[in-house]
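Novice: heads up, no residue letters with this:
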DNA sequence: CCCAGCTGCTTTAGCGCTTAAGTGGCTTAT
DNA sequence: ATAAGCCACTTAAGCGCTAAAGCAGCTGGG
């Protein structure tokens, strides 16, 4: 039981002039100022019912005594919990390496901390565990809103979260996700732009090292590549699924480069896999961009720091986090007020890893 | 106000057999089973005072009705908040790229989520803001414990957190940090081992691209390098401070390699800076490890994925997170029960970026 | 046969806060 | 002149839960 205000806290110290209790409450302020606790409550919450003079005195006393509202007491009265929740269910190894979530979280923070909303973070192993966390948080009334990431086809989480009645935003969905609004980027357009660029350079054998195939955004990219191939008349394109890990990214690259008609360009669904792929190319003596062009579908320091620096579809993940957090807070305050939001389409940032194929 | 259990929630619906209230409470369970709310509370908390038969019926009812305790109501009664807090005050750009904190957090999660303890995460700009967050969390009774990272010399946070009376663990401290216990790694020994190895290879001009100089662990490393130099008779060693960003890492490397007597080996305080440094070497045509050996003081996918792969001091950051979380939970339950804990000393993992200096 | 001492409950109070419902004292409308 | 209204408060109740205290009904010792 973490009590004690500042240290002078002898339990039995009899006749102290001030009630040396553990916590500082509005009752203490009320006593100090000489009004009732409700008057203090009114003053602190900017509600009418107290004169300006009294309000000022109360506010000053609260400030001086360094009082903070007890979040539990407020929440008990039906006030919001002052927190939003995020559950991540990707394998830990990958998560630690991928800057995406970290950036996203830091972006969210810039909005959340300004509004003094806490972020509850939980990392779990699978969707089952994720659902359990949602159920618990909802039951315990711990969060006012949820951010659901990596939507999948027929995602079981949607129905559960809707049934729980907790406001939520889906990141990266598009298509059906119940009545939950989504913040999404146009992966399709980004992929089309990339393939058009590679085709313009003269590439015809383009491979796509994709992420987890059940993710909606992965599927959109795969479909976009296929469509682009049809449009541009590229015969030999292929999408290969992975689990987003650098290990699989490397393995798939090795397989691709060992083929008789190896691709001359590879698009990776994450920066980490692109880096791993570049490593494999170097290791196999395939010059980049001489014989192989590489594009990453995610940008970060990783891509910039490599040699050659990797051409990437960059988006401002931090800004995305800001957008998501804002949408989340809006839907918490006013459910139904948020529709689907289209984030900025990733733009192709050309660096040193792409060039005309040597022929 | 996020209420409503599942949807059937008409406020005025008069004579329903079940009280269609928003939240499911122990009173509902009590009514269902036919006992008083306290009996339910006793049963759910495994306390004596109810017969086994009744206890079973209550537990089953709670399970069947999918009841969860309202965390705020519990907390109000003085129960722990069921959450621990972590504030990060490094610049966002760096944080997103560095795998360290992400790994640490995921490690902590594996302990915390097993015990259903939530992690409150906040990213702030500076120490002042960090202190404000601690004060607020303590006042709002939001957290049961805190993890303080990146301890500095005469760290103001220590005194504040101790005064607030919130149990806390310091990560990476050593020396004085009030009465707060620390989980620390022996950076000194790690640095000594590294320098000995480089010296054994034949390096004499060894540079150290350090992190933020006010951090205690940075200082320990700087001092260790100096001591090693004295012991081994290396004249030309130097430690150069940075802010841990890849930008500064690159800039400092550029400066070092432009000197007339450029170092033949550089130790970087983070993997991200090591990668940036390797990039600069490549860009300047300095072969690694031919003319320059590179060691990273932190290991991750980054170092493994590069070509050449970077020799690094590796420690299991995930395991460190586990250790930290365990210590934190222990000190929350029983303040004073935790002393300083020494984590595993990082071991040198030799890869391709280190070799004898060409002479 | 009475009462202490159980067991297995229920009643009551209280955690810190919000909020609906009072309550005096004064002003204003009629 | 008196009712009505308003201001600036106070009182009281309640959020969901825990915990101390109370209280029936039974058992067994003296």
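Specialist: Arrived safely. Predicted, not measured: the structure shown is a model, and the values here were computed from it.
Novice: contacts, neighbours, all on C-alpha from now
Specialist: OK.
Novice: Tell me how many other residues crowd the closest residue to DNA strand D within the stretch 251-359 of chain A.
Specialist: The minimum distance from the stretch 251-359 of chain A to DNA strand D, using C-alpha to the nearest atom of the strand, falls at residue A:332 (19.1 Å). Applying other C-alpha atoms under 10 Å in any protein chain shown, we find 24 residues neighbouring residue A:332.
Novice: Likewise for residue A:251?
Specialist: By the other C-alpha under 10 Å criterion, the neighbourhood of residue A:251 contains 15 residues.
Novice: got it, and residue A:151?
Specialist: Neighbours around residue A:151, by other C-alpha under 10 Å: 23.
Novice: doesn't the residue of the stretch 251-359 of chain A closest to DNA strand D fall inside a helix?
Specialist: Yes. Judged by DSSP: H, G, I helix; E, B strand; the rest coil, residue A:332 forms part of a helix.
Novice: For it, which residues are in contact?
Specialist: Residue A:332 makes contacts with A:144-145, A:167-168, as judged by C-alpha atoms under 8 Å, 6 or more residues apart in numbering or on different chains.
Novice: Test my guess that residue A:229 contacts residue A:223.
Specialist: No. Using C-alpha atoms under 8 Å, residue A:229 is not in contact with residue A:223, being 9.9 Å away.
Novice: So which of these two has more stuff around it?
Specialist: The neighbour count for residue A:229 versus residue A:223, taken as other C-alpha under 10 Å, is higher for residue A:229 (22 against 15).
Novice: Which element, helix or strand, includes that one?
Specialist: Per DSSP states H and E: residue A:229 is located in helix A:216-232.
Novice: For residue A:108, which non-adjacent residue is closest in space?
Specialist: Of all residues beyond its chain neighbours, the one nearest residue A:108 is residue A:321 (4.4 Å), with distances taken as C-alpha to C-alpha, 6 or more residues apart in numbering or on different chains.
Novice: and the helix or strand hosting that neighbour, which residues are buried?
Specialist: Element membership of residue A:321, judged by DSSP H and E, is helix A:317-333. Neighbour-count burial for helix A:317-333 flags A:317-325, A:327-333 (criterion: 16 or more other C-alpha atoms under 10 Å in any protein chain shown).
Novice: Is there proximity between stretch A:67-78 and chain B?
Specialist: Yes. Against chain B, stretch A:67-78 shows contacts by C-alpha under 8 Å from any C-alpha of the partner chain at A:67-73, A:75-76, A:78.
Novice: List the buried residues of that stretch.
Specialist: Buried positions in stretch A:67-78, judged by neighbour count with 16+ other C-alpha under 10 Å: A:67-76.
Novice: first to last residue in that stretch, what's the distance?
Specialist: Start-to-end span of stretch A:67-78 (C-alpha to C-alpha, to the nearest Å) is 21 Å.
Novice: Would you mind listing what in chain A touches DNA strand C?
Specialist: For chain A, the contact set with DNA strand C under C-alpha under 7 Å from any atom of the strand comprises A:22-27, A:37-39, A:41-42, A:44-45, A:68-71, A:73-74, A:76-77, A:79.
Novice: roughly how far apart are the residue in the stretch 101-250 of chain A that DNA strand D sits nearest to and residue A:292?
Specialist: Nearest residue of the stretch 101-250 of chain A to DNA strand D (C-alpha to the nearest atom of the strand) works out as residue A:140 at 7.7 Å. The spacing between residue A:140 and residue A:292, counted by C-alpha to C-alpha, is 53 Å.
Novice: which of the two has more neighbours?
Specialist: Remark: of residue A:140 and residue A:292, residue A:292 carries more neighbours, 24 against 18, as counted by other C-alpha under 10 Å.
Novice: which parts of chain A sit against DNA strand D?
Specialist: Applying C-alpha under 7 Å from any atom of the strand, we find that chain A lies next to DNA strand D at A:34-39, A:49-51, A:53-55, A:73-74, A:76-78.
Novice: remind me which residues of the stretch 251-359 of chain A are low pLDDT?
Specialist: Along the stretch 251-359 of chain A, segments meeting pLDDT under 70 span A:359.
Novice: hmm, back to that, out of the residues of chain A next to DNA strand D, which are inside helices?
Specialist: A:37-39, A:53-55, A:73-74, A:76 (DSSP state H).
Novice: for the residue nearest the centre of chain A, helix, strand, or coil?
Specialist: Residue closest to the average C-alpha location in chain A (C-alpha atoms, centre = their mean): residue A:104, at 4.2 Å. When classified by three-state DSSP, residue A:104 comes out as helix.
Novice: Does it touch residue A:317 like I think?
Specialist: Yes. Residue A:104 is within contact range of residue A:317, at 5.6 Å (criterion: C-alpha under 8 Å).
Novice: how long is stretch A:253-262 end to end?
Specialist: End to end - C-alpha to C-alpha - stretch A:253-262 spans 10 Å.
Novice: what about it, near chain B?
Specialist: No. Stretch A:253-262 does not reach chain B (C-alpha under 8 Å from any C-alpha); its nearest approach is 13.3 Å.
Novice: So which bits of that stretch are buried?
Specialist: Under the neighbour-count criterion of 16+ other C-alpha under 10 Å, stretch A:253-262 has A:253-254, A:256-257, A:262 buried.
Novice: Tell me the spacing between the closest residue in space to residue A:226 that isn't next to it in sequence and residue A:207.
Specialist: Distance criterion C-alpha to C-alpha, 6+ apart; nearest residue to residue A:226, sequence neighbours excluded, is residue A:237 at 7.4 Å. The gap separating residue A:237 from residue A:207 is 5 Å, by C-alpha to C-alpha.
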